[in-house]
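>>> test case, fold it:
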Amino acid sequence: MAGRIEDYALIGDMQTAALVCRDGSVDWLCLPRFDSHAAFAGLLGTEEHGFWRVGPAHAADAGPPPATRRRYRGDSLILESEWDTTRGTVRVTDFMPPRDGAPQLIRIVEGVSGRVPMRSALRMRFSYGRVVPWVHKVGARTVAVAGPDSVWLDSDTETYGKNLTTYSDFTVAPGDRITFTISWQPSHKDAPPLPEPEAALEATAEFWRDWVDHCTYHGPYREAVVRSLITLKALTYAPTGGIVAAPTTSLPEDIGGSRNWDYRYTWLRDAAITLSSLLRTGYREEARAWREWLLRAVAGDPENLQIMYGIAGERELGEAELDWLPGYENSGPVRVGNGAAGQLQLDVYGEVTEALHLAHMTGLARNDYAALLQLKLIRYLEDHWDQPDEGIWEVRGPRRHFVHSKVMAWVAVDRTIKLIESGDADGPIEKWRDLRDDIHRDVCEKGYDPERNTFTQSYGSKELDASLLLIPQMGFLPPDDKRVIGTIEAIQRELSTEDGFVLRYPTSGDDAGVDGLEGDEGAFLACSFWLADDLAMIGRVDEARILFEKLLGLRNDLGLLAEEWDSKLQRQVGNFPQAFSHVPLIDTALRLTASGAYGG
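The predicted structure follows:
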């Protein structure tokens, strides 16, 4: 069985990523890209679906021991796991070097004290655990081949095959360093070059050192902010600048339930807010690359803007279920692709325009097509802002007039007016000022419940929605407006869990609710950070700081967050690690630092 979600560490090379459990098992790795088929899919099934464990040898009936301690080496994605055993102490260093060629996963075993018997067990299973490859020797190298894929294993020790698994048994003493490398290569090509693990380790450490040096945040929450920035960088597909929402699919929002989705794509919303955080912390090159990705993905067809694309800008993301995988802790179905790609979500026009606006305001070199795209988006909204849509949470029930969608349509128009006012674009500014006023008036009249003094999820509804917390952050209304304060307090009262975290909206249990789905879900971490932001904005800074630091306490021992927190089970749930959780962590840290609202 796979470990708890928070038991996993992330390593990656900015083209794909692996999850490494506390027991030294790599249970998830897609090759060669984030959205490729998994070669290790044990995370969503069993060891029969692929894994690679390196750790102290153990009795078959005892199970592999978890690492005694683990950490990232400084500000990097180089993972160090250490085991204290009765025979001594051993360290395993795992990393994926940034690359132009074949993807590699390198594992270096180092003796620290005593003499520790070790085992490497490698079970390759292509196509999400369904295909058993042909494994054979080519000289001193071992290669697994099936269809278009080949994975080459290079090691300092002898390997042998047993039960469709490749093993290596060895012992390490102080000063010993044993290396293992797997490299992916298209099966029709020649073997990839022999790896150089020690040189790759040095180059990887230097890469992360240099990258982190660009961070302009030096406040009291620097450790949490830097770890979140590294995570966001790891979720960026370097060849194109696209940013995945998470490197996993189908980690459940409800353990045992069916709220399982594929997040290995670039949501315009998630990528836009990620861009904003990167810009605020000094990372302009990533912002430029994302803007270029956006312009390529949307191309000349902004009227058919999708809410998400493939990491290279692909439009077809058809959803399918993998019925041979039982799912994480039997949470089925396992899905690949995402049917929400065809939804209408009007808020993305606002998020994209806000990101382009921020890039412009922070001095990113002007791009004429970016300004033209912004104008085209507003011309589309002129005729469509008053339509119902599926909204930010991608409901699979009927379309509604979601308040958040209307607010973000207002943001799109407002930021474009500012672009025109700056002299960097031309457009019918008076007409769009009237449009901005019309949207604002419509939301305040139809999306506000005066009896309860709160905005609601959609026009005419009584339900609340945590996305309403973005109203003051987007500048739609000032923080001291009584309707804003009333909405914040209503969300605290009606959408907060016992431990003070925030649900996205009311769910339905056994019946299909507003989102068209059965079951419940955990507290949504992004929404909880938004609440901390809002509390700071309305002057309740001590309360904001307490909530923020409580949220920091939900991170795993390596500083990583999934999408949600299950307050009943006291564990992380949802895809992992999640950009949409780490971005608002950064934003809230910046706001609290600016306000001086932090302890210690």
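
>>> could I get the helix or strand containing D27 in PDB with only the CA atoms?
Assigned by DSSP states H and E, D27 belongs to strand 25-30. What follows is strand 25-30, C-alpha atoms only, in PDB (Å, rounded to 0.1, in the frame of the first residue of the first chain):
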ATOM      1  CA  SER A  25      10.200   3.900  -2.600                       C
ATOM      2  CA  VAL A  26       9.600   5.900  -5.700                       C
ATOM      3  CA  ASP A  27       5.900   5.200  -6.200                       C
ATOM      4  CA  TRP A  28       5.100   7.800  -9.000                       C
ATOM      5  CA  LEU A  29       7.000   8.800 -12.000                       C
ATOM      6  CA  CYS A  30       5.800   9.700 -15.500                       C
END
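
>>> just checking, what packs against that strand?
strand 17-20, strand 38-40, strand 51-56 (3 or more C-beta pairs under 8 Å, 6 or more residues apart in numbering; DSSP states H and E). Heads up, the C-betas are built off the backbone N, CA and C, glycines and all.

>>> mind listing the strands the last one pairs with, and their directions?
Within its sheet, strand 51-56 is paired with strand 25-30 (antiparallel), strand 116-123 (antiparallel), according to DSSP bridges.

>>> name the SS class of P577, please.
The three-state assignment at P577 reads coil, by DSSP: H, G, I helix; E, B strand; the rest coil.

>>> nope, E80 is what I was after
E80 ends up strand, using three-state DSSP.

>>> beta partners for it?
Going by DSSP bridges, E80 forms beta bridges with R71, T93.

>>> related to what we said a few turns ago, return the most buried member of the helices and strands packed on strand 25-30.
strand 38-40 (a mean of 29; mean count of other C-beta atoms under 10 Å).

>>> starting from it, tell me which strands it pairs with and how they run.
strand 25-30 (antiparallel).

>>> contacts for the partner strand?
With C-beta atoms under 8 Å, 6 or more residues apart in numbering as the test, strand 25-30 has contacts from 2-3, 8, 16-21, 36-44, 51-53, 55, 64, 94, 105, 247-248, 264.

>>> before we move on, the earlier item: so how far is the strand holding D27 from its chain's centroid?
16 Å (C-alpha atoms, centre = their mean, to the nearest Å).

>>> do the same with stretch 279-293
Using C-alpha atoms, centre = their mean, the offset of stretch 279-293 from its chain centre is 17 Å.

>>> next: stretch 92-102.
Counting by C-alpha atoms, centre = their mean, stretch 92-102 comes out at 20 Å from the chain centroid.

>>> what about the closest residue to L569 other than its chain neighbours, how many residues close to it?
Excluding the flanking residues, the one nearest L569 by C-beta to C-beta, 6 or more residues apart in numbering is I255, at 6.6 Å. By the measure other C-beta atoms under 10 Å, the count of residues near I255 is 18.

>>> who are the neighbours in contact with I255?
Counted by C-beta under 8 Å, 6+ apart, I255 has contacts 329, 331, 566, 569, 573.

>>> what's the closest of the residues you listed to V112?
E329 (33.8 Å; C-beta to C-beta).

>>> circling back to that earlier point, out of the strands paired with strand 51-56, which is closest to A271?
strand 25-30 (19.0 Å).

>>> show me where the protein has helices.
126-129, 197-212, 222-234, 268-280, 284-298, 347-361, 368-384, 403-421, 429-446, 470-473, 482-494, 525-537, 541-552, 579-595 (DSSP state H).

>>> wait, which of the helices and strands packed on strand 25-30 is closest to A144?
Taking these one by one with C-beta to C-beta, strand 38-40 is closest: 8.5 Å.

>>> average pLDDT for that closest one?
Averaging pLDDT along strand 38-40 gives 98.

>>> mind listing what's buried in stretch 543-558?
For stretch 543-558, the neighbour count (16 or more other C-beta atoms under 10 Å) marks 543-549, 551-552, 554-556, 558 as buried.

>>> relative to V443, which of those residues is nearest.
A544 (25.3 Å).

>>> and the closest one, what does it touch?
Counted by C-beta under 8 Å, 6+ apart, A544 has contacts 532-536, 588, 592, 597.

>>> again, only using 10 Å
531-538, 588, 591-592, 595, 597-598 (C-beta atoms under 10 Å, 6 or more residues apart in numbering).

>>> what does E394 give?
261, 267, 269, 307-308, 338-341, 343, 345, 515-516.

>>> same check on S331?
Counted by C-beta under 10 Å, 6+ apart, S331 has contacts 44, 250-260, 519, 573.

>>> most widely separated two among those residues?
L44 and G519, at 18.2 Å, using C-beta to C-beta across those.

>>> the two: who's more crowded?
When L44 and G519 are compared for neighbours, L44 comes out ahead with 27 against 21, by other C-beta under 10 Å.

>>> how near is that one to L525?
Plainly put, L44 is 22 Å away from L525 if you go by C-beta to C-beta, to the nearest Å.

>>> what's the answer for T179, then?
37 Å.

>>> who's more crowded, those two?
L525 (26 against 20).
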